[in-house]
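Asks: Got a predicted model here, sequence first, then my questions.
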Amino acid sequence: MSKSDLRIDIFGIGITISTDEEKEYLDMLLDKYRQTIETVKEMSGLEDPLKLAVLTGFLLCDDLEKAVNGKAKSKVSGEAEKLTLGMLSRLDEVLKVSETTVSDDTAENAPEIARQDTAVSDDSIPDYEKGINTVPLSVYKLENTIKNYDWGSPEWLPAFLGRKNLSRIPWAELWMGVNPSGPSRVVPDSCPLSELIRRDPPAFLGKETAGKYGTLPFLFKVLAAAKPLSIQVHPNAEQAEQGFERENREGIPLDAANRNYKDANEKSEIVCAIGPFAALCGFRKVEEVTLLMDILLLNAGSEGSGLRDVIEDLVLTLKQGDGPDESSLKNFLSALFALKREHLLALGSYIRIIQTELEKDFPEYRNEWYLCTYLASLHPGDSGIIAPLYLNIVDLAPGEAIYIPAGTPHAYINGMGIELLSDSDNVLRGGLTSKHVDHAELMKIMNYSEYMPEIMRPPESYSLHNYPASDFALSVMRGSGARLEYANPGPSILIVTEGSAAEDEGDTIMPLKKGESVFIPAGKKAVFSGAFTAYIASCRSS
């Protein structure tokens, strides 16, 4: 029997299947697969191609198994769906989306039934170097990756995006950019944004950005923190480069749970509230930390379990010595991180018992007592439960923003926000998490200076938020019906956060509703109209 070839193009990947089956049968299978993908996409709210493919394959295997065993065919909403959706929040830990090259040895041994097309031999050469026209359009609409973490919300991001989340899995972050762990794709052809830029980096990024970075150097996010994130610190450029090289030499896999440095990039960030937003950020003054710990000490003797001695020792680290305040804070954290779990459990229980009394006697610190109790209920036995006593509590109204430099300890507590950061996945965690915590490395890269972030308030019209990050800027654009022009010498990503807009420069009009985003190449002019609020991440460089 002669073989039939079936070409499959899904998620921008082309695969040819060669088999003895009739072409009509193959077309039927392909149609069923595509229908299942669409059903799974609508049911789960997922956009990530890899996750969709994994989930679809799992459900089809469930259909096959039940058919072979004579069982009734399960529907998409059956047990397999519940099981697989429960796995999705962990998929990021075991699957990495990346561009891979098939080696000659692998290609030779690949079975004929599923050979991936790799006919183009000069694919690594950018299009502009081949003489192909790569003049960018004014805007490119994006399809972005949803990240599922347990601190997210099943409702907030789906409502923001106008999508369903029947799975009820927490949606934590929407990623916009080229990071391989959550890349954006260009609509409608599903081309990765990184691939679009690779065709002609100077044209899409501008000569300076292309020469310095070679790709889009920032990561833009919408985050929905229904529960507190971990206490964390990010490295500066020198620390990131040294840490990344050291862990490479030690042979720690990039996806290992104990890996601290995933890349060689520094990581500073700015977060802007799009609803009420609470965070911990930067060390308090040593005098205030000492006062709050002294208040805790007042009634600690009645609790037993050595708790009074534990708190006294922590207070002493803040009071002893003639060195700078940074040394006192470092000594305090070192002692706190060294506490036994039994002492931390007792400390959390003690704070919960005396919360009402503390709020009555020291009402000016009502938020601190409440937050310590809340964190102790979520993370009993964790050293992070008293973080509100040594880190500043920052409350942001919609439109307000703070800048978080590398080395600054912080934790987002609750709310929805826009986050702009260096395109890095380097995180050193210090508590309030079940993930890897490396206190020794954290303390090496931490800046122990007192830092109260300045709250940047929203401008009334298009304007830049000014902050110390050298290459990136966060802007806000507010439309009231009239046409507004946006042009920037560097590349930009714009997302609509309220209302609806239309990009109408050129021959066609591109409607944009709340939650939709576009990539604007360097130097391109885009004109928007409508009643809307949009945030824009951009490079300052040309």
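Replies: Received it, and whenever you're ready, just let me know what you need. Quick caveat, the model's predicted, so the values are computed rather than measured.
Asks: After the helix or strand of the chain with the lowest mean pLDDT, which helix or strand is next?
Replies: Lowest on mean pLDDT, DSSP states H and E among the helices and strands of the chain sits strand 115-116, with a mean of 30. Sequence-wise, the next helix or strand downstream of strand 115-116 (DSSP states H and E) is strand 140-143.
Asks: Strand partners (parallel or antiparallel) of the helix or strand just after that next one?
Replies: Remark: after strand 140-143, the chain's next helix or strand is strand 145-147, criterion DSSP H and E. When pairing is defined by DSSP bridges, strand 145-147 lines up against strand 173-176 (antiparallel).
Asks: Would you mind pulling the contact partners of the next helix-or-strand element following the partner strand?
Replies: The helix or strand immediately downstream of strand 173-176 is strand 185-186, counting by DSSP H and E. Here strand 185-186 makes contact (CB atoms under 8 Å, 6 or more residues apart in numbering) with 12, 49, 140, 141, 142, 143, 144, 191, 192, 193, 196, 519. All C-beta atoms are positioned from the backbone trio N, CA, C, and that covers glycine.
Asks: What strands line up against the helix or strand following strand 185-186, and which way round?
Replies: Next along the chain after strand 185-186, taking DSSP H and E as the criterion, comes strand 191-192. As defined by DSSP bridges, the strand partners of strand 191-192 come to strand 185-186 (antiparallel).
Asks: May I have the residues that are in contact with the residue positioned nearest the centre of the chain?
Replies: The residue lying closest to the centre of the chain (CA atoms, centre = their mean) is residue 173, at 5.2 Å. By CB under 8 Å, 6+ apart, residue 173 lies in contact with 146, 147, 149, 152, 157, 182, 221, 222, 223, 224.
Asks: Check residue 494 too.
Replies: Taking CB under 8 Å, 6+ apart, one finds 477, 486, 517, 518, 520, 526, 534, 535, 536 in contact with residue 494.
Asks: now it, nearest residue through space, not along the chain?
Replies: Sequence neighbours aside, residue 536 is the residue nearest to residue 494 in space, at 4.6 Å (criterion: CB to CB, 6 or more residues apart in numbering).
Asks: helix, strand or coil for that neighbour?
Replies: Here residue 536 is strand, with the state taken from DSSP: H, G, I helix; E, B strand; the rest coil.
Asks: My guess is it contacts residue 475. True?
Replies: Yes. With contact defined as CB atoms under 8 Å, residue 536 counts as touching residue 475 (4.2 Å).
Asks: Between the two, tell me which one has more neighbours.
Replies: Ranked by neighbour count (other CB atoms under 10 Å), residue 536 and residue 475 place residue 536 first, with 24 against 19.
Asks: what's residue 401 sitting at in phi/psi?
Replies: When quoted as degrees, to the nearest 10, the phi and psi of residue 401 stand at phi -140, psi 160.
Asks: I'd say it and residue 473 touch.
Replies: No. If you go by CB under 8 Å, residue 401 and residue 473 don't touch, sitting 11.4 Å apart.
Asks: For those two, work out which one has more neighbours and name it.
Replies: residue 401 (25 against 20).
Asks: Checking the residue lying closest to the more buried one once chain neighbours are set aside next. Helix, strand or coil?
Replies: Once flanking residues are discounted, residue 401 sits nearest to residue 272: 3.7 Å by CB to CB, 6+ apart. What three-state DSSP gives for residue 272 is strand.
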